[in-house]
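S.K.: Sharing a sequence plus its predicted fold:
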Amino acid sequence: MKKFRKVLDGLTTSSPVNVGSAPVCSSTAGTPTAAVTPREIEVQETLVSENFQICKTVRHGFPYQPTALAFDPVQKILAIGSRSGGVRILGRPGVDCFCQHESGAAVLQLQFLINEGALVTACADDTLHLWNLRQKRPAILHSLKFNRERITFCHLPFQSKWLYVGTERGNTHIVNIESFILSGYVIMWNKAIELSTKTHPGPVVHLSDSPKDEGRLLIGFESGTVVQWDLRVKKADFRIYYDEAIHSVSWHHEGKQFMCSHSDGSLTTWSLRNTSKPFQVTFPHGKTQRDGKKPESCKPILKVEYKTTRNSSEPFVIFSGGLSYDKASRRPTLTIMHGKSITVLEMDHPIVDFLVLCETPYPNEVQEPYAVAVLLEKDFILVDLTQSSFPIFENPFPMDIHESPVTCTAYFADCPPDIIPVLYSIGAKHKKQGYSHKEWPVSGGTWTLGAQTYPEIIITGHADGSIKFWDATAITLQMLYKLKTSKVFEKPKAGEGRGAEMVEEDPYAVQMVSWCPQSRLFCVVGISAHVILYRLSKHDATTEIVSLEVRLQCDVEDVLSPCEAESTPGLSDQSSHSPSRPLPAREALPPRACVTASPASR
């Protein structure tokens, strides 16, 4: 397009010539020279591929098929991995970065090098990658491939140079994070559990260092075995054998006890003073039996977090899953236990992972949790733990672009400068209430504005008939206003109007939009053969909706052949002269094309 503009500039700046005389212009030396006539200027009439350069600049929306979550509590940035090998890094509003593994292998786990601007990714092809985040475009510094064992769990202690890697065979390898090579120190599964058990403990599902001593590593095996391994003397301090499979383990900050979540929906708390049996076993959602027997088994608790606070002696116990089996119709839940109160938060989508955000990165200090980051299959939310009602934070990132499937899009640049504030002010009146009053806690990174200064707006039409206006000026999308076209129509009652077999699945789906930002006129074309014309207004207005039926096609029985039309001229234009019956306001439109005019709609 730049080349085309230069051609136009050349035409407008060329000197006019007199007809019938040779055009003359002065040169820099003062010698008259013949000017170039317009006929001699070569004008490129068509654009070719060399005039365009298409490149990816930014990605909007929620990561497709997310798999893992990580958080840097010092830099306050967050990373989300996906099944296609993508990594999304989020910070303060406007800080949004996307990285992609060339292999395309799914990201199994993410580990930040806290406050060092680096990230470790473990992928499904059993490869570890070290990313450098301290540059404009994040890049992989080192990669390490495991050939004979499959990676199941990774752990990187705070301010440590050793990365612990658990495998499907039950072994634990140690990687030097600086050189990114194996150290040669391997904790074999048979030495960790002792050969007296005679059975394989299963894959490693948990690794963590003791808050009291980073030289002691806690290893959790899937079968229910937990081992604390002394890295210095290369032997186990203690071994725990439990008859239920383990999904996760979480330490108390003092390092004297830890909690495990199990496949039967139970939580067990273990003390290092006596590891022969747990000193507390609870079924948070299990029904207590009258005869004092063990409660009925519940769904597995996939993950548990055990966090302490300064202002209360009661810790936070936060976990996902664990509901009783008789509640099969309930949605996925996140449970927050604080003292005697139990709060169950129902989610709209299955929970992929969650993290508790704490004020300190040191595991041996009082954690003081303030939020829970919950990664869902199709959404990402942050729950405020500082308020008793546990409201969620208003997400500044456009995670809900496909809240209803997008059916059409439109892009507008060089919009009037006042159009974005107008749309935002109108949309702000209809925002949802009940959000946390605190600011978005993921506040890391630096946001630099792009070079462009002209306003950009993206419009998306959706299957449910809604239309969203997005501000795309500052790279990230910011929703300005949501318009619901379905409000124009009355929902037909069952058994009335069109038959049930004729009703489309999405009768209000938007097929096309056309907008003139200068005149504020906005036109919407729907899948049910209707056209709606809006005029955007700054103020609320109550007007009568005028509808007009336009017959764009004739019925089959009304179509006449040319010879029949000549023989019966009175019938040849019968369909064109058929009277059009105006529809009452807010009436469901028939399957014919209709034009609905709304002179002053918001």
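M.R.: Looks like it arrived, so ask away. Numbering: from 1, shown residues only.

S.K.: what about residue 422, is that helix, strand or coil?
M.R.: What DSSP: H, G, I helix; E, B strand; the rest coil gives for residue 422 is helix.

S.K.: Quick check, it in contact with residue 536.
M.R.: Yes. Applying C-beta atoms under 8 Å as the test, residue 422 and residue 536 come out as touching, 7.5 Å apart. Yep, even glycine has a C-beta here, placed from its N, CA and C like the rest.

S.K.: Name the residue in these two with the higher neighbour count.
M.R.: More neighbours surround residue 536 than the other of residue 422 and residue 536, with 20 against 16 (other C-beta atoms under 10 Å).

S.K.: and the closest residue to that one other than its chain neighbours, what does it touch?
M.R.: Excluding the flanking residues, the one nearest residue 536 by C-beta to C-beta, 6 or more residues apart in numbering is residue 520, at 4.2 Å. For residue 520, the contact set (C-beta atoms under 8 Å, 6 or more residues apart in numbering) comprises 535, 536, 537.

S.K.: Please name the residues that touch the closest residue to residue 399 other than its chain neighbours.
M.R.: Once flanking residues are discounted, residue 399 sits nearest to residue 62: 4.6 Å by C-beta to C-beta, 6+ apart. Counting by C-beta under 8 Å, 6+ apart, residue 62 makes contact with 378, 379, 380, 399, 400, 401, 402.

S.K.: Phi, psi for residue 62 please.
M.R.: The phi and psi values for residue 62, taken as degrees, to the nearest 10, are phi -80, psi 140.

S.K.: count of neighbours near residue 364?
M.R.: Residue 364, neighbours per other C-beta under 10 Å, totals 16.

S.K.: What's the separation between the nearest residue to it once chain neighbours are set aside and residue 239?
M.R.: What sits nearest to residue 364 in space, not counting adjacent residues and going by C-beta to C-beta, 6+ apart, is residue 211, at 4.1 Å. Per C-beta to C-beta, to the nearest Å, residue 211 is found 20 Å from residue 239.

S.K.: and stretch 203-222, average pLDDT?
M.R.: Mean pLDDT, stretch 203-222: 94.

S.K.: just checking, next helix/strand downstream of the helix or strand where residue 152 lies?
M.R.: Here residue 152 sits within strand 151-155, counting by DSSP states H and E. Once the chain leaves strand 151-155, the next helix or strand it forms, by DSSP H and E, is strand 162-167.

S.K.: Contacts made by that next one with the rest, please.
M.R.: Counting by C-beta under 8 Å, 6+ apart, 111, 120, 122, 128, 146, 149-156, 172-177, 183, 203-207, 217, 219 sit against strand 162-167.

S.K.: Now the buried members of these.
M.R.: Among the contacts of strand 162-167, those scoring as buried are 111, 120, 122, 128, 146, 149, 151-156, 172-175, 177, 203-207, 217, 219 (criterion: 16 or more other C-beta atoms under 10 Å).

S.K.: ok, back up a step: between strand 162-167 and the strand holding residue 152, find me the angle.
M.R.: Angle of strand 151-155 versus strand 162-167, following axes from the mean of the first three to the mean of the last three C-alpha atoms, to 10 degrees, is 150 degrees.

S.K.: Give me the contact list for strand 151-155.
M.R.: Taking C-beta under 8 Å, 6+ apart as the rule, strand 151-155 contacts 108-109, 111, 120, 122, 126, 128, 163-168, 203-209.

S.K.: for residue 426, phi and psi?
M.R.: phi -70, psi -40.

S.K.: For it, which non-adjacent residue is closest in space?
M.R.: Closest residue in space to residue 426, ignoring its immediate chain neighbours: residue 481 at 5.5 Å, by C-beta to C-beta, 6+ apart.

S.K.: what lines up beside the helix or strand hosting that neighbour in the sheet?
M.R.: Per DSSP H and E, residue 481 falls inside strand 478-484. Strands that pair with strand 478-484, judged by DSSP bridges, come out as strand 466-471 (antiparallel).

S.K.: Take the partner strand, keep the C-alpha atoms, and write them as PDB.
M.R.: Provided in PDB are the C-alpha atoms of strand 466-471 (Å, rounded to 0.1, in the frame of the first residue of the first chain):
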ATOM      1  CA  SER A 466     -24.100 -10.500  20.400                       C
ATOM      2  CA  ILE A 467     -21.600  -8.000  18.900                       C
ATOM      3  CA  LYS A 468     -18.500  -6.800  20.700                       C
ATOM      4  CA  PHE A 469     -16.600  -3.600  20.000                       C
ATOM      5  CA  TRP A 470     -12.800  -3.900  20.900                       C
ATOM      6  CA  ASP A 471     -10.200  -1.200  21.200                       C
END
